[in-house]
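A.B. asks: Pasting a predicted model and its sequence here:
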Amino acid sequence: MVFELKRNVQNSKGVIVFSHKEYLRLFNSTHSLKIINKLKKRYFIGIHWGASFENVSDKEIVDIHFYHNGMLPQNKNFEDKAINLTTRSFTPNKFYINPNLSTKKKWDVITIGRMVKVKKYLDFFLIIKNVLIEKPNTKILIIAPELGYKKSTHDFLFYENYNNIFNIKEKSQIDLITNKEYLSQDKVMEYLKQSNIFLFTSIKEGVAKVTAEAALCGLQILIYKKFIGGAKYGIDQRQLN
């Protein structure tokens, strides 16, 4: 969705920001570029990178790239236009943990992410299986909403893997939420603050705001060492494992 960051006013160009999806789709279309060139007369053109790509070409028409280090190739053209800010940089202050308030912990491990392949839920299940073998009383919360269903990205094996990997006793230690709607920020914050560890099994993503939200709620973050993207950005190293 295109966002007008600054309005165009007399004698002052505005700033309009496209998402990475729009960049990949529209900025390679001759017809779309004609329209964007008209916008260019009144706006500076920005791109917000919410995903990680290894090979992306720059376009002269773009003035600003909003992204975090590690999300795009270290390309001179991108560096010249880069601003190290994304939506991750503006996590609502409601997620900040209040040291004067203590929340009773209900879950040892939590994960939150749509039911899509990139979340690597099979990896998550296998890790948790080993945890439950070692510590059978561990409590797990999995929030995996079935949203934005696409055949190319949907994790069709989610339930099959879940049922094959865990026995009845192990499932009694797991709370599974798979709503077909987004949870409110307040509900996400409530679940996070009732948990101790956020286990993030994606290997490659973009902004991944949920790890920032979890860190601000005081959780320890477990993530792949060679993760590609912005999920580790801004997290206190004492919380990152």
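C.D. replies: Cool, the structure landed.
A.B. asks: these two touch, right, residue 155 and residue 123?
C.D. replies: No - counting by C-beta atoms under 8 Å, residue 155 stays clear of residue 123, with 11.5 Å between them. Every residue, glycine included, has its C-beta placed from N, CA and C.
A.B. asks: neighbour count winner among those two?
C.D. replies: residue 155 (20 against 14; other C-beta atoms under 10 Å).
A.B. asks: what's near enough to touch the more buried one?
C.D. replies: Remark: with contacts taken as C-beta atoms under 8 Å, 6 or more residues apart in numbering, residue 155 is in contact with 115, 116, 117, 119, 121.
A.B. asks: what's the spacing between it and residue 229?
C.D. replies: 19 Å (C-beta to C-beta, to the nearest Å).
A.B. asks: likewise residue 68?
C.D. replies: In terms of C-beta to C-beta, residue 68 sits 8 Å off from residue 229.
A.B. asks: which residues do the two both contact?
C.D. replies: residue 207.
A.B. asks: Now do residue 150, the pLDDT please.
C.D. replies: Residue 150 is assigned 82 on the pLDDT scale.
A.B. asks: tell me the strands in this protein, going along the chain?
C.D. replies: With DSSP state E as the criterion, the chain has strands at 3-6, 14-19, 43-48, 64-66, 82-83, 107-112, 140-143, 174-177, 195-200, 220-223.
A.B. asks: What mean pLDDT does the fifth one get?
C.D. replies: Mean pLDDT, taken over the full extent of strand 82-83, equals 87.
A.B. asks: who's in contact with that strand?
C.D. replies: With contacts defined as C-beta under 8 Å, 6+ apart, strand 82-83 is touched by 64, 65, 66, 67.
A.B. asks: That one pairs with which strands?
C.D. replies: strand 64-66 (parallel) (DSSP bridges).
A.B. asks: ok, for the residue most central in space within the chain, nearest residue in space, not its chain neighbours?
C.D. replies: When C-alpha atoms, centre = their mean is applied to the chain, the residue found nearest the centroid is residue 208 (1.8 Å). Nearest in space to residue 208, with sequence neighbours left out and distances taken as C-beta to C-beta, 6 or more residues apart in numbering, is residue 231 at 3.7 Å.
A.B. asks: My guess is the one you found contacts residue 201. True?
C.D. replies: No - at 10.8 Å, residue 231 and residue 201 do not qualify as touching, with contact defined as C-beta under 8 Å.
A.B. asks: neighbour count winner among the two?
C.D. replies: Legend: neighbour count by other C-beta under 10 Å for residue 231 and residue 201, higher for residue 231 (28 against 21).
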